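[1] fold the following for me, if possible:
(one chain, ligands or ions: 1)
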Amino acid sequence: MTQVQDSTRTERREGAETPLIQLDHISISFDGGRSRAVDDVSLAVARGTFVSLVGESGSGKTSLLKTINGLVIPFSGHVNIEGRPIPPADHDDDIAAFRRGIGYVIQDVGLFPHMSVAENIAVTPRLLRWPESRVIERVKSLIAMVGLPEDYATRAPAMLSGGQKQRVGVARALAAEPKIVLMDEPFGALDPLTRDTLGRAYRDLHERFGLTTIMVTHDMQEAALLSDRIVVMQAGRVICDDTPRALLTQAPRPEVSDLLNLPRRQAERIRAMIEPEADPR
Ligand SMILES: Nc1ncnc2c1ncn2[C@@H]1O[C@H](COP(=O)(O)OP(=O)(O)OP(=O)(O)O)[C@@H](O)[C@H]1O
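    Numbers count the residues shown, from 1 in each chain. This is a model prediction of the structure:
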């Protein structure tokens, strides 16, 4: 898990079958077409792949992510999941059912404050009218899988730390056995150690459940350590789409190098504080 993901695994997956998620020439505009937050982006994601969307603030990552669960409607272009278009936004029941099939984890996890941890995790299975025994079993196993003690099931969200809330958020997103999980800066508000631990725990769940995950992150190290594929966006366009290994070993364009090299430059600056003679500036 702490290793850079092997590119051969991704290539095998990418070639194996029809993409689970297909974005074709997606453009997004919030002002009726005068400007574009996302500009003609196409992306095919094979089943089982973990993709990170990275890029500077305002580059269109969140907007693009939200087209996959229909929270943002593209100005032009098509989104297909398993070869089918997503239901129209005005078909309330269809779009609600469709969204229940996609896990969604956001930075401010948005747990229902009046519900316990277990009740929060159970929301979607109950909406889907799972038998209660199955709901209870699922909640119990997810609480264990995300690394929370069993007796936290009855706690209110207000009694949890940020990292614990985020674990509940992950459990809730996985509760109804989605095939696809979308994550928007899921671990962004956490301290670096918790962030690393939770990221690796999530990657294990991604493998275990055979998920297809798309994660927006600002952290290139996190993207490199967790993903099979990194998509770099700039000003609404994709400027790079490759495996972490390829990105780290080949010479990408300068905008991408800047993002990739930041952790190394920071490490060098810290080293220079300790050993002034090693100052790279
Ligand atoms: N609901 C909205 N209404 C108007 N403009 C929006 C809306 N959502 C996003 N935008 C604009 O679209 C552009 C892309 O925003 P988006 O949130 O997708 O970028 P991002 O790469 O996810 O940024 P960040 O990393 O800061 O979250 C920005 O210029 C933003 O201001």
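
[2] how distant is stretch 146-165 from the center of its chain?
    Chain-centre distance of stretch 146-165: 21 Å, with CA atoms, centre = their mean, to the nearest Å.

[3] err, stretch 91-111, not the other one
    Taking mean C-alpha positions (CA atoms, centre = their mean), stretch 91-111 and its chain are 14 Å apart.

[4] mean confidence for it?
    Stretch 91-111 carries an average pLDDT of 86.

[5] please apply the same query to stretch 259-274.
    Per-residue pLDDT over stretch 259-274 has a mean of 76.

[6] state the helix or strand in which residue 166 lies.
    Under the criterion of DSSP states H and E, residue 166 resides in helix 162-174.

[7] next: residue 271.
    Here residue 271 is assigned to helix 254-274, by DSSP H and E.

[8] ok so, going back, ok, then the element right after the helix holding residue 166?
    Where DSSP H and E defines the elements, the next helix or strand beyond helix 162-174 is strand 180-184.

[9] helices or strands up against the helix or strand following that next one?
    Using DSSP H and E, the next helix or strand after strand 180-184 towards the C-terminus is helix 192-208. Judged by 3 or more CB pairs under 8 Å, 6 or more residues apart in numbering; DSSP states H and E, the packing partners of helix 192-208 are helix 162-174, helix 220-226. Backbone N, C-alpha and C define where each C-beta goes, glycine included.

[10] which residues touch the shortest one?
    I take that to be helix 220-226. Contacts with helix 220-226, where a contact means CB atoms under 8 Å, 6 or more residues apart in numbering, come from 1-5, 50, 52, 54, 187, 195-196, 199-200, 202-203, 215, 217, 230, 244, 247-248, 259-260, 262-263.
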